[in-house]
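Participant: need a structure here:
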Amino acid sequence: MKKRNKIFYWVVTVWLSLGMLSTGAVQLLKMEEEVASMNNLGYPIYLLSLLGVWKILGVLAILVPKFPLLKEWAYAGFFFAMAGAIVSHIAVGDETVTLFGPTLLLVLLILSWYLRPSNRTLVKK
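Facilitator: Coordinates of the predicted model:
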């Protein structure tokens, strides 16, 4: 892997990790705005705890060396969570601005997955 791609991978992955950690923490703390958003979307509040824990564990899985299968599952889980958030906001008719966060995280996620080094993949490139 070229040094430039490796640097780009780590920059994107760190930003993805910070985004997932911060949103996971907000969900675990059940902050007022997050609870209101879940109510608006029609989801039960206990889902905040599940999402928060899974996001934090997913970040650990992506950042820790080795365990390529676990990394694939973490990337897949993040993909479904962010795609689900986007579809949910569209389904209830939320303002377009609510799509920015999950869309940004989805783009960072796809870039991180695509640029990951061969020692972080199931099939060696």
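Participant: does the spatially most central residue of the chain belong to a helix or a strand, and which?
Facilitator: For the chain, the residue nearest the mean C-alpha position is Phe78 (4.0 Å; Cα atoms, centre = their mean). Using DSSP states H and E, Phe78 sits within helix 68-91.
Participant: if we can go back for a sec, tell me how many other residues surround the residue lying closest to the residue nearest to the centre of the chain once chain neighbours are set aside.
Facilitator: Distances taken as Cβ to Cβ, 6 or more residues apart in numbering place Leu109 nearest to Phe78, at 5.1 Å, with adjacent residues excluded. Every C-beta, even on glycine, is put in place using the N, C-alpha and C of the backbone. Using other Cβ atoms under 10 Å, Leu109 is surrounded by 26 other residues.
Participant: try the one 10 residues further on
Facilitator: Neighbourhood size, Asn119 [other Cβ under 10 Å]: 11.
Participant: ok, back up a step: ok, now which ones touch the residue nearest to the centre of the chain?
Facilitator: 16, 20, 55, 58, 105, 109 (Cβ atoms under 8 Å, 6 or more residues apart in numbering).
Participant: Assign the nearest residue to the first one once chain neighbours are set aside to helix, strand or coil.
Facilitator: Once flanking residues are discounted, Leu16 sits nearest to Leu108: 4.1 Å by Cβ to Cβ, 6+ apart. Using DSSP: H, G, I helix; E, B strand; the rest coil, the three-state assignment for Leu108 comes out as helix.
Participant: Touching, Leu108 and Ser17? I think so.
Facilitator: No: applying Cβ atoms under 8 Å as the test, Leu108 and Ser17 come out as separate, 9.1 Å apart.
Participant: and the helix holding Phe78, which residues are buried?
Facilitator: Buried residues in helix 68-91, counted by 16 or more other Cβ atoms under 10 Å: 68, 71-72, 74-75, 77-78, 81-82, 85-86, 88-89.
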